[in-house]
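> How does the following fold in three dimensions:
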Amino acid sequence: MKQEIKINKLQHIGIPVTNIEVSELFYRSLGFNNVLKSGFKFDGQNGTCIMMQQKDIIIELYQMPEKQLSEIRLRKDGHVDHIAFDVDDIGATFEILKNSGYTILEEQPVFLSFWKNGCKYFNILGPDGERLEFNQIM
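A predicted model of the protein is given here:
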């Protein structure tokens with residue numbers, strides 16, 4: 001019997017940016033407010049992430065470490081990196097998708113010190129390589 005995946009809502013859309021300060025000002029001009037700022041590590045270097053919110057819409061803007069920025073700067077069009085779905089039980093969701101044969105990019109849900117008590121997430125690949133994130137705010 002196939003288990004149903006319980007998705008509550010679209011949680012956020014992740015967008016890589018080349019200048020987090022400029023992007024924050026742009027989204028502020030559209031009525032978004034910065035509700036979270038946090039650093040993260042990627043390949044041993046520091047990156048920055050902010051969550052911009054307007055009503056029920058959250059946009060994750062993140063600036064990769066300098067080493068990875070060249071790839072983003074080469075794009076001619078904008079780039080939505082991932083779509084994140086809010087779930088109640090990240091462990092159960094992970095097991096359902098794993099047992100159903102989806103291509104999961106992480107070996108297990110990953111903890112980030114975002115939000116008050118952190119969050120856990122993992123990604124699957126869609127048929128065209130799009131990343132779909134499942135995320136539980138702890």
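
> mind listing what E130 touches?
Listed by C-beta atoms under 8 Å, 6 or more residues apart in numbering, the contact set of E130 reads 82-83. Bear in mind the C-beta positions are built from the backbone N, C-alpha and C, glycine included.

> ok, and for the helix or strand that contains K120, which residues are buried?
K120 is part of strand 119-125 when elements are defined by DSSP states H and E. Within strand 119-125, the residues scored as buried using 16 or more other C-beta atoms under 10 Å are 119-124.

> chain center to it: distance?
Mean C-alpha position of strand 119-125 versus that of the full chain (C-alpha atoms, centre = their mean, to the nearest Å) differs by 8 Å.

> ok, now stretch 116-124?
Centroid separation between stretch 116-124 and its chain, computed with C-alpha atoms, centre = their mean, is 9 Å.

> where do the helices sit along this protein?
Assigned helices in the chain, in chain order: 20-29, 66-74, 90-99 (criterion: DSSP state H).

> So which of these is nearest G129?
G129 lies closest, by C-beta to C-beta, to one member of the helices of the chain: helix 66-74, at 15.5 Å.

> so for that closest one, what's the average pLDDT?
Across helix 66-74, pLDDT averages out at 65.

> which stretches of the protein have low pLDDT?
The model of the chain has pLDDT under 70 over residues 1, 67-78, 127-128.

> Surely D88 and K6 touch.
Yes: counting by C-beta atoms under 8 Å, K6 is a contact partner of D88 at 6.3 Å.

> and for the strand holding K120, what are the contacting residues?
The contact list for strand 119-125 (C-beta under 8 Å, 6+ apart) reads 82, 84, 90, 94, 97, 102-106, 108-112, 131-138.

> One more: stretch 42-62?
If you take C-beta under 8 Å, 6+ apart as the criterion, stretch 42-62 is touched by 9, 11-17, 20, 23-24, 27-28, 30-41, 63-68, 81, 84, 114.

> Give me the buried subset of the residues you listed.
Among the contacts of stretch 42-62, those classed as buried by 16+ other C-beta under 10 Å are 11-17, 20, 23-24, 27, 32, 40, 63-64, 84, 114.
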